[in-house]
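>>> attaching a predicted model along with its sequence, questions to come.
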Amino acid sequence: MAPINNSVATHTHLLPNSSKLYYLSLSYNIHLHTDNLHYWLSRLPSLTSLDLSGIHLPSETNWVQSLASLPLESLYLDDCNLTTSILSFQPANFTSLSSLDLSLNDFAFGLPKWLFNLSKDHVGFDLRLSQCNLRGQIPDLSGYRNLRQLDLSNNKLKGSIPEWLGQLDRLELLDLSNNLFHSSIPSNLLNASALLDYLDISFNHLSGPLPNILGQNESAASIRAGQTDLKIFMSSNKFKGRLPRVSNLVEALDLSHNYFSGPLDTLLCHNYLLYLDLSNNYLTQKLPDCWNKLGNLSDLYLGNNQLTGRVPPMMGSSLPLLNALDLRNNRFFGDIPSTFNNCMSLVLLNLEGNNFSGAAKFRWALSFRVLMHGVTPEILIFVGLLFKSTAQYQIIQRKLKKMRMMVF
């Protein structure tokens, strides 16, 4: 049987010579061949958005030159088997480009030079270079004061986080997670852009002091008019010392897997968080009794610390929107407050590895047992008080946490 030719160029009737077509997505058609890509790109002179994600593109460079001649505003070439040599061409004229995704390619020998000469006149420019095998110092993109989103996650970048990142006053998203950065974070990084709403520097080797008030920005306070929408993820680093206070602008905070110590009062009693993960630190003393200030809290992870004392009854009565509560592997004792019956939204409760006593009287315990017989393993609920920790539980917990982050 002769092989089927799935070339776009072969089926030219599918891509007529059109001066009106402005959006084209062929992404993740894994059997689609892109022979003579230069030819069919030349037939679409008005194209402003092109998505070829997940398609292995040819190593010849003539098609890349064709891209530069289009009035593209959005270009998605992630996971296209690209290398530095394929994209190294001159000149480039992406004067209209405002969004570029080159993630999941191999730029171990450096980024193409034209990337540093794109138009700097746009109100906002999004650049995604996640998992591109980038090495060494972070590329100098300081000329792009209009950067709106910058994703350099999952690379092999090292050294210090540069100061110029804190000077990008239009930045809304910055993801430097899963790299090899060390030293402290620039003092202006969190306070630079009044528009910043997502910062992820997790899974690095960062250390040193954090700002006294995390997420504080006076200009942002006036622009956002009381809205709490800043998400900060700093897990799996080497931060230590007391927990910082948190600005009212912060709605999600992950400081897990660090070396923080001391009480929770400073952080918990001065914010309006929706999501908080302080697990796997060295936190001590009792839980504070200021839960009435956290009525919107939906996810709280305090597991694997050295917290002690009784769980305050106010915790259950003040958190009606609580979806996930993890207090495992601490030193809590006494009765489990019956006020947790008010937390009817709970889908994850883990109290294992403590010294609780007495009877656990949960009105919704029957519902948990029923759910465990009626849902798929992906959303199966394990109650830590009743079940021992298993590998399956750990997987489920990570899935739930990821789902929570995705809604922000």
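All right, it came through fine.
>>> if I look at Ala68, how far off is Leu195?
Using C-beta to C-beta, to the nearest Å, one obtains 30 Å as the distance from Ala68 to Leu195. (Each C-beta comes from the backbone N, C-alpha and C, glycine too.)
>>> could you do Gln167 as well?
Using C-beta to C-beta, Gln167 is found at 14 Å from Leu195.
>>> which stretches of the stretch 201-350 of the chain form helices?
Secondary structure of the stretch 201-350 of the chain (DSSP state H, counting those that start in this stretch): helices at 218-224, 265-268, 313-317.
>>> just the CA atoms of the second one, as CSV, please.
Once side chains and other backbone atoms are set aside, the C-alpha atoms of helix 265-268 remain, and they are given as CSV (Å, rounded to 0.1, in the frame of the first residue of the first chain):
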residue,chain,number,x,y,z
ASP,A,265,1.2,35.2,62.6
THR,A,266,3.2,37.8,60.6
LEU,A,267,2.0,36.3,57.2
LEU,A,268,-1.4,34.9,58.0
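>>> tell me the mean pLDDT over that helix?
Looking at helix 265-268 alone, the average pLDDT works out to 88.
>>> now swap in the longest one and tell me
In this model, helix 218-224 has a mean pLDDT of 51.
>>> numbering from 41 from now on, please.
Shifting the count to begin at 41 puts that one at helix 258-264.
>>> now stretch 180-198: buried residues?
By 16 or more other C-beta atoms under 10 Å, the buried positions in stretch 180-198 come out as 181, 184, 186-195, 197.
>>> closest to Leu77 among these?
Using C-beta to C-beta, the shortest approach to Leu77 within those belongs to Asp191, at 25.7 Å.
>>> that closest one and Asp166: what is the separation?
Summarising the geometry, the distance separating Asp191 from Asp166, computed by C-beta to C-beta, is 8 Å.
>>> and if you look at Ser193?
Computed with C-beta to C-beta, the distance linking Ser193 and Asp166 is 14 Å.
>>> so between Gln207 and Leu235, which is more surrounded?
Regarding Gln207 and Leu235, a neighbour count based on other C-beta atoms under 10 Å identifies Leu235 as having more, with 18 against 15.
>>> wait, that one sits on Leu213?
No. The pair formed by Leu235 and Leu213 falls short of the contact definition of C-beta atoms under 8 Å, at 9.5 Å.
>>> so what sits against both of these two?
Both Leu235 and Leu213 are in contact with Arg188, where contact means C-beta atoms under 8 Å, 6 or more residues apart in numbering.
>>> sorry, back to before: overlap in contacts of Gln207 and Leu235?
Here Gln207 and Leu235 have no joint contacts, going by C-beta under 8 Å, 6+ apart.
>>> for Phe396, which non-adjacent residue is closest in space?
Across the structure, with C-beta to C-beta, 6 or more residues apart in numbering as the measure, the residue nearest Phe396 apart from its sequence neighbours is Ile376 (5.5 Å).
>>> what pLDDT does the one you found get?
On pLDDT, Ile376 comes in at 88.
>>> next: the one 10 residues further on.
pLDDT, Leu386: 86.
>>> send me stretch 325-344 as PDB with only the CA atoms.
Included here for stretch 325-344 are C-alpha records, laid out as PDB according to Å, rounded to 0.1, in the frame of the first residue of the first chain:
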ATOM      1  CA  GLN A 325       4.500  27.400  67.400                       C
ATOM      2  CA  LYS A 326       0.700  27.400  67.400                       C
ATOM      3  CA  LEU A 327      -1.700  28.300  64.700                       C
ATOM      4  CA  PRO A 328      -2.800  31.900  65.000                       C
ATOM      5  CA  ASP A 329      -6.500  32.700  65.800                       C
ATOM      6  CA  CYS A 330      -7.100  35.300  63.000                       C
ATOM      7  CA  TRP A 331      -8.900  33.100  60.600                       C
ATOM      8  CA  ASN A 332     -11.800  35.500  60.400                       C
ATOM      9  CA  LYS A 333      -9.600  37.700  58.200                       C
ATOM     10  CA  LEU A 334      -9.200  34.900  55.700                       C
ATOM     11  CA  GLY A 335     -12.800  34.100  54.700                       C
ATOM     12  CA  ASN A 336     -11.900  33.700  51.000                       C
ATOM     13  CA  LEU A 337      -9.200  31.200  51.600                       C
ATOM     14  CA  SER A 338      -9.700  28.100  49.400                       C
ATOM     15  CA  ASP A 339      -6.400  26.100  49.600                       C
ATOM     16  CA  LEU A 340      -4.100  25.900  52.700                       C
ATOM     17  CA  TYR A 341      -1.100  23.600  52.800                       C
ATOM     18  CA  LEU A 342       0.900  23.600  56.100                       C
ATOM     19  CA  GLY A 343       2.100  20.000  56.000                       C
ATOM     20  CA  ASN A 344       5.600  18.800  57.000                       C
END
